[in-house]
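Chemist: Mind looking at a prediction? Sequence and model below.
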Amino acid sequence: MTSPRIAILGAGSMGGAILRGLVGSEVAAAGITVTNRTAEKARDLAELDGVTSIALESQPTGNADAAATADLVLIGVKPATVPDLLREIAPHLKHGTIVVSLAAGVTVATFESILGADVSVVRSMPNTPAFVGKAVTGIAAGTAASSEQMSLVRALFETCGEVLEVPETKIDALSTISGSGPAYVFLLIEELTKAAVAKGFTIDEARRMVEQTFIGATALLDASDDDPAELRRRVTSPNGTTERAVAVLQDANLDQVFARATDAALARARELAASS
Ligand SMILES: NC(=O)C1=CN([C@@H]2O[C@H](COP(=O)(O)OP(=O)(O)OC[C@H]3O[C@@H](n4cnc5c(N)ncnc54)[C@H](O)[C@@H]3O)[C@@H](O)[C@H]2O)C=CC1
Ligand SMILES: O=C(O)[C@@H]1CCC=N1
């Protein structure tokens, strides 16, 4: 199956970002149906080429309607509401439809316990740079997912960036790094911007300096064969100014801070798994 009919149930921040990559791609040539709660959100998505956008407030059976005709269903609602949505669509799924989860924490076992063990389930963990085709997405096969189905899911996420296949036991850990990762980057940008404002720059000047520095540094990393440590060394003159700043950052034990932060995210994924 090269061009499945795709449904994205809950096309918010994450589902909507994936939709942007999918639109116009070969994988989505047979069309995409998306659902949302509100008419306002549905209106924005309806303008995208090849997209049928349903607002549940005006079409309450929208999830079941979209799932009934889909070959591949992406579950894009918040983790706590996944089980209810699965119970809603389970009676309507066609034989052979692949169900792909975007939800943090919710296990394959939960999906299979509601949909049946014969339904092909794939857990995924994308990130919001999908919006601009620069995501990195982890995918993990459920019990019934064949290698052909995994190839199709890989192709789907490759429309939004890079794909990494991992066993399900690693998908929550992957989420703490790349799923949540854009938030860590934006936080660093926010904090460095505050430091610039405190040094007397206007907010516009501060934002230009900081944002272009992150964009420029990551573009340099992307274009270079060298690793980040080497690229950092080239900024850091021996006994120069950067060396002093980096020493302060290292004294803050950033390694331990990131270990604690990602451990906290992992613990939350386990709570979400236990409560779904
Ligand atoms: N935001 C992110 O960076 C990432 C989010 N995820 C996962 O994606 C899922 C969605 O997260 P976000 O997009 O951030 O949330 P969101 O709140 O932006 O999107 C959820 C969407 O679902 C819709 N919705 C709510 N109930 C619905 C229902 N019963 N049927 C159909 N649509 C319904 C809402 O209208 C909304 O548009 C979560 O499970 C999260 O764990 C995964 C990776 C990254
Ligand atoms: O915060 C969350 O739970 C989701 C999963 C990874 C990014 N956002």
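Modeler: Arrived safely, thanks for sending. Everything quoted here is computed from the prediction, not taken from an experiment. Numbers count the residues shown, from 1 in each chain. Ligands and ions are numbered 1, 2, ... in the order given.
Chemist: Flag every residue of this structure that's near ligand 2.
Modeler: 104, 175, 179-180 (CB under 6 Å from any ligand atom). Every residue, glycine included, has its C-beta placed from N, CA and C.
Chemist: If we use 5 Å, what do you get?
Modeler: Residues of the chain that fall close to ligand 2, judged by CB under 5 Å from any ligand atom: 104, 179-180.
Chemist: close to ligand 1, is stretch 13-31?
Modeler: Yes - using CB under 5 Å from any ligand atom, stretch 13-31 reaches ligand 1 at 13-14.
Chemist: now that stretch, how far from the chain's geometric center?
Modeler: Stretch 13-31 sits 13 Å away from the centroid of its parent chain (CA atoms, centre = their mean, to the nearest Å).
Chemist: Endpoints of it, how far apart?
Modeler: 20 Å (CA to CA, to the nearest Å).
Chemist: separation between whichever residue of the stretch 1-150 of the chain sits closest to ligand 2 and residue 96?
Modeler: Closest approach between the stretch 1-150 of the chain and ligand 2, counting by CB to the nearest ligand atom: residue 104, at 3.7 Å. Applying CB to CB, to the nearest Å, the value for residue 104 to residue 96 is 27 Å.
Chemist: So which of these two has more stuff around it?
Modeler: Neighbours per residue (other CB atoms under 10 Å) separate residue 104 from residue 96, with residue 104 holding more: 22 against 12.
Chemist: how about the more buried one, secondary structure?
Modeler: coil (DSSP: H, G, I helix; E, B strand; the rest coil).
Chemist: Give me the phi and psi angles of it.
Modeler: Main-chain dihedrals, residue 104, degrees, to the nearest 10: phi -70, psi 140.
Chemist: can you pull the contacts of the spatially most distant residue from the centre of the chain?
Modeler: Here the chain reaches farthest from its C-alpha mean at residue 239, the gap being 40.9 Å by CA atoms, centre = their mean. Neighbour list for residue 239: empty [criterion: CB atoms under 8 Å, 6 or more residues apart in numbering].
Chemist: Need phi/psi at it.
Modeler: Taking degrees, to the nearest 10 as the convention, residue 239 sits at phi 60, psi 20.
Chemist: where does it sit relative to ligand 1, distance-wise?
Modeler: Between residue 239 and ligand 1 the distance, using CB to the nearest ligand atom, to the nearest Å, works out to 41 Å.
Chemist: Next one, pLDDT for that residue please.
Modeler: The model reports residue 239 with a pLDDT of 97.
Chemist: and the gap between it and residue 141?
Modeler: The value you get for residue 239 to residue 141, if CB to CB is used, is 53 Å.
Chemist: Output stretch 160-177 in PDB, but only the C-alpha positions, please.
Modeler: Taking Å, rounded to 0.1, in the frame of the first residue of the first chain, the C-alpha atoms of stretch 160-177 are listed here in PDB:
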ATOM      1  CA  CYS A 160       8.400  15.700   8.400                       C
ATOM      2  CA  GLY A 161      12.100  14.900   9.000                       C
ATOM      3  CA  GLU A 162      14.300  12.000  10.200                       C
ATOM      4  CA  VAL A 163      13.100   8.700  11.700                       C
ATOM      5  CA  LEU A 164      14.600   6.400  14.300                       C
ATOM      6  CA  GLU A 165      13.200   2.900  14.900                       C
ATOM      7  CA  VAL A 166      13.600   1.700  18.500                       C
ATOM      8  CA  PRO A 167      12.000  -1.000  20.600                       C
ATOM      9  CA  GLU A 168       9.000   0.100  22.600                       C
ATOM     10  CA  THR A 169      11.100  -0.100  25.800                       C
ATOM     11  CA  LYS A 170      13.100   2.900  24.600                       C
ATOM     12  CA  ILE A 171      10.400   5.100  23.300                       C
ATOM     13  CA  ASP A 172       9.700   7.000  26.600                       C
ATOM     14  CA  ALA A 173      13.400   7.600  27.000                       C
ATOM     15  CA  LEU A 174      13.600   8.900  23.400                       C
ATOM     16  CA  SER A 175      10.700  11.200  24.300                       C
ATOM     17  CA  THR A 176      12.600  12.800  27.100                       C
ATOM     18  CA  ILE A 177      15.400  13.800  24.700                       C
END
